[in-house]
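Novice: Quick one, what's the 3D model for this:
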Amino acid sequence: MSELLPEKNVQDVRPVLIDSDPGVDDTLAIMLCASDPSVSIKAITAVAGNVSLNHTYENALLLKKLFGLKDTFVSKGAEKPLVLPAGRVTAVHGNDGLGGLSRKTDTPADALPAWERIYQTALQEKGNLEILALGPLTNLALALRYHPDLKDLISQLVIMGGSGSYGNVTSEAEFNSWVDPDACEEVFHSGVPLLLCGLDGLQPAALEFSELDSIISDFDSCGGVTGDFAVPVIRFIRNGRHGWGGYNNVVIYDLAAAVCFLHPEQASYRSVHLSCETDDERTLGKTLISEALSDDLSGILTGMNKEIYVQCIHSMLRHFSGSRILAEN
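Specialist: Predicted structure coming up:
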């Protein structure tokens, strides 16, 4: 494979907060960010989504330890959507969110709830904080409600969610938007500069089953965090996804969004005005897209470089190959 990944100047490391509901897809996205020297993960804030909050929080604590993120805060967030009842979860990631690979650790908990950790981190970074949001947007909506000045302290918000066309939990709605459409709507209209990486924009990152099999084969016996943890996660994804929407392949959406976050020059966007359907039960969570208004700070992903995406996966897995697995059963 020819190497296309650009050399990075890591003198100015980007401070990042990841808001997430881990999640096998989220796990690989966080792993990728943890392997990239151009970013520093200041905090991971857990939210209910793929599975219950207790599971997503325990998984986030596990990932902190596995990936050696000793200076990263892990904060517990919202256990239910802003308005809708709790329990809007999925079985796609297994009962524990990690395909049976979850385990408890002795990693210390953060004293602050997620919305306060978001705000305090933004204050500390003095307007330079970037946020990668991989789950429902409840934590961010609460942080913006409690701290209206937060919108001026976030440099950029990259969201994996929504879709400009089809859904994956209903015919209209993407899962994260469907779980908490009210939070999605509030964040869209908050005034925070944001880029939405939707299902259709991430579709170029689709991997054929043979491509996933090749990745699994290449790294299956390398040991460490990659061989003992990441490869089983990828195998779980490969065995559990059977294509939808007419596509007989697999998109690891959160991982693909993380690639766009880390390598924005390898993705294309267009300026738009974004809303989210919150009233019509039939289309709840649908992304509503119209022409950008003069004061809009929103963009939506229109395409990305698959070759860079695949190289990022290989680079991430090489980074953690042979390293001692840090979390014990």
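Novice: Lys76: how many residues sit nearby?
Specialist: Other residues within reach of Lys76, judged by other C-beta atoms under 10 Å, total 22. (Each C-beta comes from the backbone N, C-alpha and C, glycine too.)
Novice: Kindly report the same for the one 5 residues further on.
Specialist: Neighbours of Pro81 under the rule other C-beta under 10 Å: 24.
Novice: Next, the contact list for it, please.
Specialist: When contacts are counted by C-beta atoms under 8 Å, 6 or more residues apart in numbering, Pro81 is found next to Arg88, Pro136, Thr138, Val179, Asp180, Asp182, Ala183.
Novice: Could you report the distance from it to Gln120?
Specialist: 24 Å (C-beta to C-beta, to the nearest Å).
Novice: pLDDT (mean, whole number) over stretch 214-227?
Specialist: Rounded to a whole number, the mean pLDDT of stretch 214-227 is 95.
Novice: What is the least confident helix or strand in this structure?
Specialist: Using mean pLDDT, DSSP states H and E, helix 231-240 stands out as the lowest-scoring helix or strand of the chain, at a mean of 91.
Novice: What residues of it count as buried?
Specialist: Residues Val231, Pro232, Val233, Ile234, Arg235, Phe236, Ile237, Arg238 are the ones in helix 231-240 that count as buried (16 or more other C-beta atoms under 10 Å).
Novice: Save those as a markdown table, and put in distance to Leu274 too.
Specialist: Below are those laid out as a markdown table (distance: C-beta to C-beta, whole Å):
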| residue | distance to Leu274 |
| --- | --- |
| Val231 | 36 |
| Pro232 | 36 |
| Val233 | 31 |
| Ile234 | 31 |
| Arg235 | 35 |
| Phe236 | 32 |
| Ile237 | 28 |
| Arg238 | 32 |
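Novice: Out of those, which is nearest to Val39?
Specialist: Val233 (20.8 Å; C-beta to C-beta).
Novice: Run through the protein and note the low-pLDDT ranges.
Specialist: 1-11, 88-91, 93-94, 241-247, 323-329 (pLDDT under 70).
Novice: Could you tell me which of the contacts of Pro81 belong to helices?
Specialist: Thr138, Val179, Asp182, Ala183 (DSSP state H).
Novice: what about the second one, neighbour count?
Specialist: Read that as Val179. 30.
Novice: pretty sure it is touching Gly162, no?
Specialist: No. Val179 sits out of contact with Gly162 when judged by C-beta atoms under 8 Å, with a separation of 11.9 Å.
Novice: could you check the angle helix 231-240 makes with the helix or strand where Leu317 lies?
Specialist: Using DSSP states H and E, Leu317 sits within helix 306-319. Using axes from the mean of the first three to the mean of the last three C-alpha atoms, to 10 degrees, the direction of helix 306-319 lies 140 degrees away from that of helix 231-240.
Novice: what packs against helix 306-319?
Specialist: Packing partners of helix 306-319 (3 or more C-beta pairs under 8 Å, 6 or more residues apart in numbering; DSSP states H and E): helix 24-35, helix 209-219, helix 253-262.
Novice: Distance from the chain centre to the next helix or strand along the chain from the second one, please.
Specialist: As assigned by DSSP H and E, the chain's next helix or strand after helix 209-219 is helix 224-225. A distance of 21 Å separates the C-alpha centroid of helix 224-225 from that of its chain, computed with C-alpha atoms, centre = their mean, to the nearest Å.
Novice: Next, please give the residue ranges for the helices of the stretch 101-250 of the chain.
Specialist: Counting by DSSP state H, counting those that start in this stretch, residue ranges of the helices within the stretch 101-250 of the chain are 114-124, 138-146, 175-179, 181-188, 199-202, 209-219, 224-225, 231-240.
Novice: Can you check which of those gets nearest to Ile313?
Specialist: Across the helices of the stretch 101-250 of the chain (criterion: C-beta to C-beta), the nearest stretch is helix 209-219, sitting at 6.3 Å.
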